[in-house]
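Asker: With the sequence up front, the predicted model follows.
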Amino acid sequence: MISSLIRFKINFSTEYFPGNNGAYYLLLNKDLLETGTFHYRDFPLLFYLQSFFAFILIKINLLNFNQVIDLVSRTFDSFVPTLSIIPAYLLSKKIIKDNKFQSLVIASIAIFHFSFFTLISDFQKNSLGILWLFWLMYFLFKINEKFSYKNLGYTFLFFVLVGLTHFGCFGVAILIVMINLLFIGLTKLTTKKIYKFLIVTFLLVIFSFGLVYLINPFRLYSLIEIIEKSFSKPIILMIIKNEPILPSNEILEITLTNILSIAVLILLTKEKNIQNRNYFFTISIAALIIASPFLNYKIAQRLYFISYITIKPLFSFLIKYAKVRLTKNLVVYFSLVIILSSGILNIYRPVFSNMNKQLYADLINLKSKVSFNDKSIIISRHGLEYWLMWILKVNAIRKDEVTEDYRRWYKDIYIIRQKKLKPPFGPAGINGLPFQEPSITKNTKLIFTSDYFDLYKVLSMPKDFSTFKERL
């Protein structure tokens, strides 16, 4: 309940939807309610769930259409992800067994960790995907403990739910399941059963790739590319150069995850009387991979947020199997420090939005002065594009995604630059450099100016569209 109230406070701290990409969720829910389709091909489950609740409130007619979408999206994100405490507690209880207090403390990390409060507002798919991931890890534990088709069915169900919710979480789910299958194959199967095992593994890979392809074919290419380039341009090099790629608390968190994973692996190799060894080997190795400092920096930025899910079962493991009582107590005390410090700090954390009253009024004024149509598109900095689509009802794209294809697709191309009241969002969150405004090409004309925005029309298409992406 406390965790939900903290998320509620964060989500409702700004007048307009918080976060850099918050309006993205408003847009897709609106698309689904109005047309039954999405403007962007994305993992759909979150939007179907939110649109279902929004549809009910719209029928009650208490608020207008846009207000309902905003209310449902913020409220859903405040309360539903905290249900992760249920599978987290069941898993801790399964591992620790004898001490309910310790099980509850460790389980509470699932909904009080710093990353849990980072994955909020414009990370809603992540936080829902993590709920399914905790259920997946719980039933995977039960399968490793004692196989049954019932547990297999639940494991597959939550595997699919992750796959329908979030790309990054699904990648982690695939990784965990594949590592676990590998350990089962190496330790439990006879030569006669190995062929069946290989067939099952092959079918799981085909199913996973097929599900991603059905949702968005381009995401399948991204998944293959991630596998190929996982350890190119490692993030550790940027951290050593002191580039603002990660906040310091996140560097501390991944360091902890790596140390914890190595400690558990050492204990697994030394101690023989450990139940469910394959499961703990799986989680430890998965943790080392998704929290690796040698990951490609773009992949690392996405996976590090999710890596905290592995801490909980590993802490439970140490409480259960560490021989020194001091170690068990330190794990509990350290967990309490995480819970209390994260809870307190996130109550008072600053919350930002890409929109406010002045900017909104300015864009409404722009809308009354400039006529847009289906063949119009506005190039903006990242984060502003979704608000342009929401307010102006025009196609918009961030400058980094512009390609020469837009020459064929759109007749009128505009560039918008914000001059004042910019939020501090950037590639490294709110701690590094902000996202850059698009560059102005030579053949442009200023057609609208105000206190906050300048809008330019591109009079003739540039030969090289990368000119929009240049840093100013």
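Answerer: Perfect, I can see it now. Numbering: from 1, shown residues only.
Asker: Could you report the distance from the nearest residue to Ile339 once chain neighbours are set aside to Phe139?
Answerer: Nearest non-adjacent residue to Ile339, counting by C-beta to C-beta, 6 or more residues apart in numbering: Phe112, 4.2 Å away. For every residue, glycine as well, the C-beta is placed using N, CA and C. Separation of Phe112 from Phe139 (C-beta to C-beta, to the nearest Å): 23 Å.
Asker: Which residues belonging to stretch 276-287 are considered buried?
Answerer: Residues of stretch 276-287 classed as buried by neighbour count (16 or more other C-beta atoms under 10 Å): 276, 278-287.
Asker: hmm, back to that, burial of the residue nearest to Ile339, as a residue count?
Answerer: Using other C-beta atoms under 10 Å, Phe112 has 24 other residues around it.
Asker: Thought Leu345 was touching it, still the case?
Answerer: No - in this structure, Phe112 is not within contact of Leu345 by C-beta atoms under 8 Å, at 10.7 Å.
Asker: rewinding a little: check contacts around the residue nearest to Ile339.
Answerer: The contact partners of Phe112, taken as C-beta atoms under 8 Å, 6 or more residues apart in numbering, are 3, 338-339, 342-343.
Asker: Pull the most distant pair out of these.
Answerer: Spatially, the most separated pair among the contacts of Phe112 is Ser3 and Ile338, at 12.6 Å (C-beta to C-beta).
Asker: Please spell out the segments of the chain that come in under the pLDDT threshold.
Answerer: The model of the chain has pLDDT under 70 over residues 188-192, 244, 428, 431-432, 461-472.
Asker: residues contacting Ser103?
Answerer: Ser103 touches 89, 92-93, 96, 316, counting by C-beta under 8 Å, 6+ apart.
Asker: Just the ones of these in helices?
Answerer: Among those, the members found in helices (DSSP state H) are 89, 92-93, 96, 316.
Asker: For the helix or strand harbouring Tyr48, enumerate the helices and strands it packs against.
Answerer: Using DSSP states H and E, Tyr48 sits in helix 45-60. Helices and strands touching helix 45-60, by 3 or more C-beta pairs under 8 Å, 6 or more residues apart in numbering; DSSP states H and E, are helix 22-35, helix 65-79, helix 124-145.
Asker: got the buried residues for that helix?
Answerer: 45-47, 49-51, 53-54, 57-58.
Asker: Contact partners for the spatially most central residue of the chain?
Answerer: For the chain, the residue nearest the mean C-alpha position is Asn126 (3.2 Å; C-alpha atoms, centre = their mean). By C-beta under 8 Å, 6+ apart, Asn126 lies in contact with 119, 166, 168-169, 305-306.
Asker: of those residues, buried ones?
Answerer: Listed as buried from the contacts of Asn126 are 119, 166, 168-169, 305-306; burial here means 16+ other C-beta under 10 Å.
Asker: care to break the protein down by domain?
Answerer: 79-347, 357-469 (automatic domain parsing).
Asker: Show me the one of the ones you listed that comes nearest Leu63.
Answerer: For Leu63, the closest of the domains of the chain is domain 357-469, at 16.4 Å, according to C-beta to C-beta.
Asker: Now the closest residue to Leu345 other than its chain neighbours: phi and psi?
Answerer: Distances taken as C-beta to C-beta, 6+ apart place Phe114 nearest to Leu345, at 7.8 Å, with adjacent residues excluded. Main-chain dihedrals, Phe114, degrees, to the nearest 10: phi -60, psi -40.
Asker: returning to that earlier point: out of the domains of the chain, which is closest to Tyr16?
Answerer: Going by C-beta to C-beta, the one of the domains of the chain nearest Tyr16 is domain 357-469, 6.9 Å.
Asker: Comparing Ser3 and Ile338, which shows the higher neighbour count?
Answerer: Ser3 (24 against 21).
Asker: Please identify the helix or strand for the more buried one.
Answerer: Secondary structure from DSSP H and E places Ser3 in helix 2-11.
Asker: Pick the one among the contacts of Phe112 closest to Glu404.
Answerer: Minimum distance to Glu404 across those is 45.7 Å, recorded for Ser342 (C-beta to C-beta).
Asker: neighbouring contacts of the host helix or strand of the closest one?
Answerer: Element membership for Ser342, per DSSP H and E: helix 325-347. Where contact means C-beta under 8 Å, 6+ apart, the residues beyond helix 325-347 that reach it are 2-3, 6, 9-10, 102, 105-106, 108-109, 112-114, 116-117, 315, 318-319, 322.
Asker: contacting residues around the helix or strand following that helix?
Answerer: Downstream of helix 325-347, the first helix or strand assigned by DSSP H and E is helix 357-369. Here helix 357-369 makes contact (C-beta under 8 Å, 6+ apart) with 15-16, 387-388, 391-392, 418, 421, 448, 450-453, 455.
Asker: So which of those are in helices?
Answerer: The helices, defined by DSSP H, take in 387-388, 391-392 from those.
Asker: Let me have those in a markdown table, adding neighbour count as columns.
Answerer: Shown next, in a markdown table, are those (neighbours: other C-beta atoms under 10 Å):
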| residue | neighbour count |
| --- | --- |
| Trp387 | 25 |
| Leu388 | 25 |
| Ile391 | 20 |
| Leu392 | 18 |
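Asker: Most widely separated two among these?
Answerer: Trp387 and Leu392 (8.6 Å).
Asker: Quick check: the gap between the closest residue to Val458 other than its chain neighbours and Thr37.
Answerer: The shortest distance from Val458 to any non-neighbouring residue, by C-beta to C-beta, 6+ apart, is to Ile413 (4.3 Å). Going from Ile413 to Thr37 by C-beta to C-beta gives 25 Å.
Asker: quick one, which of the two is more surrounded?
Answerer: A side-by-side neighbour count of Ile413 and Thr37, using other C-beta under 10 Å, places Ile413 first with 27 against 9.
Asker: so the more buried one, which of the three states?
Answerer: Classification of Ile413 by DSSP: H, G, I helix; E, B strand; the rest coil places it in strand.
Asker: ok so, going back, select only the buried ones of the contacts of helix 357-369 in ChimeraX?
Answerer: In ChimeraX syntax, the buried subset of the contacts of helix 357-369 is picked out as below (16+ other C-beta under 10 Å):
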select :16,387,388,391,392,418,448,450,452,453,455
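Asker: Return the set of buried residues in stretch 68-86.
Answerer: Neighbour-count burial for stretch 68-86, counted by 16+ other C-beta under 10 Å, picks out 68-78, 80-86.
Asker: what about the nearest residue to Gln418 once chain neighbours are set aside, distance to Ile397?
Answerer: Nearest non-adjacent residue to Gln418, counting by C-beta to C-beta, 6+ apart: Phe453, 5.8 Å away. Using C-beta to C-beta, we find Phe453 at a distance of 17 Å from Ile397.
Asker: I'd like the contacts of Ser103 as TSV, with neighbour count and distance to Lys357 appended.
Answerer: What follows is the contacts of Ser103, written out as TSV (neighbours: other C-beta atoms under 10 Å; distance: C-beta to C-beta, whole Å):
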residue	neighbour count	distance to Lys357
Tyr89	20	42
Ser92	28	45
Lys93	19	48
Ile96	22	51
Ser316	28	47
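Asker: Noted, bye for now.
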